[in-house]
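Visitor: need a structure here:
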Amino acid sequence: MSVLTREVILQEIAAGRITVEPFAPDQVGPASIDLRLDQAFWLFENRHTIHEVSEESDFELLTRKIESPDGVLLQSGETVLGLTIERITLAPALCGWLEGRSRFARLGLAVHVTAGFMQPGIANRQVLEMTNLGPTPLLLRPGVRVCQLVIERCEGEATYQGRFMVQ
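Guide: Got it, this is the predicted structure:
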């Protein structure tokens, strides 16, 4: 597998093998595409309840979805789920990785805690598992380019058909 650079990303977008909606060319860096934070957030509740980790686990049982055009305040040690504005579609021979941006990591923000892999053939918006690992509260505002998508070519083709296919 190889990481796509800016020129190749733009060629793949022009050929329709990568779709980013909405898209602006200045979102593409040397080897990634910046993605923006939407105003949809899932706040964790029921902190004193035990939730078993299993194949049936459902984050929606532990969270409350809100729409906040002003953003959310993420206290030190807290986790919140966010959503990208952009809907990403990848061809069956492409996969991707969501990564944080160093400017925010240096503040203590982990943008995609554990599940940053984007399967080949996806067509959805990405839920971001954001945690404040720093000592000070962080205000997360919609519209900020909070993460980046790194795209790789797959050996072979596949299409994601899993639980989070439509989000």
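Visitor: can you pull out the strands in the chain?
Guide: For the chain, strands defined by DSSP state E occupy the ranges 18-21, 33-44, 63-67, 72-74, 79-90, 94-100, 109-110, 117-118, 123-132, 138-140, 145-153.
Visitor: for Val3, find the nearest of those.
Guide: Among those, the nearest to Val3 by C-beta to C-beta is strand 145-153 (5.6 Å). In this view, the C-beta of every residue, glycine as well, is placed from N, C-alpha and C.
Visitor: contacts for the closest one?
Guide: The set of residues external to strand 145-153 that reach it, using C-beta atoms under 8 Å, 6 or more residues apart in numbering, is 1-4, 9, 12, 18, 27, 29, 31-37, 82, 84, 88, 90, 93-101, 104, 109, 111-112, 118, 128, 130, 140.
Visitor: just the angle between it and strand 123-132, please?
Guide: 130 degrees (axes from the mean of the first three to the mean of the last three C-alpha atoms, to 10 degrees).
Visitor: partner strands of the least confident helix or strand in the chain by mean pLDDT and their direction?
Guide: When the helices and strands of the chain are scored by mean pLDDT, DSSP states H and E, strand 63-67 comes last with a mean of 88. Strand pairing for strand 63-67, using DSSP bridges, gives strand 33-44 (antiparallel).
Visitor: now do the partner strand against strand 94-100, angle only.
Guide: Angle, strand 33-44 to strand 94-100, by the same axes, to 10 degrees: 60 degrees.
Visitor: show me how far strand 33-44 is from its chain's centre.
Guide: 8 Å (C-alpha atoms, centre = their mean, to the nearest Å).
Visitor: who's Leu109 bridged to?
Guide: Applying DSSP bridges to Leu109 gives these bridge partners: Asn132.
Visitor: who's in contact with it?
Guide: When contacts are taken as C-beta under 8 Å, 6+ apart, Leu109 is in contact with Leu74, Gly100, Met130, Thr131, Asn132, Leu133, Gly134, Leu138, Val146.
Visitor: cutoff 7 Å now
Guide: Gly100, Met130, Asn132, Leu138 (C-beta atoms under 7 Å, 6 or more residues apart in numbering).
Visitor: list the buried residues in stretch 20-32.
Guide: Val20, Gln27, Val28, Ser32 (16 or more other C-beta atoms under 10 Å).
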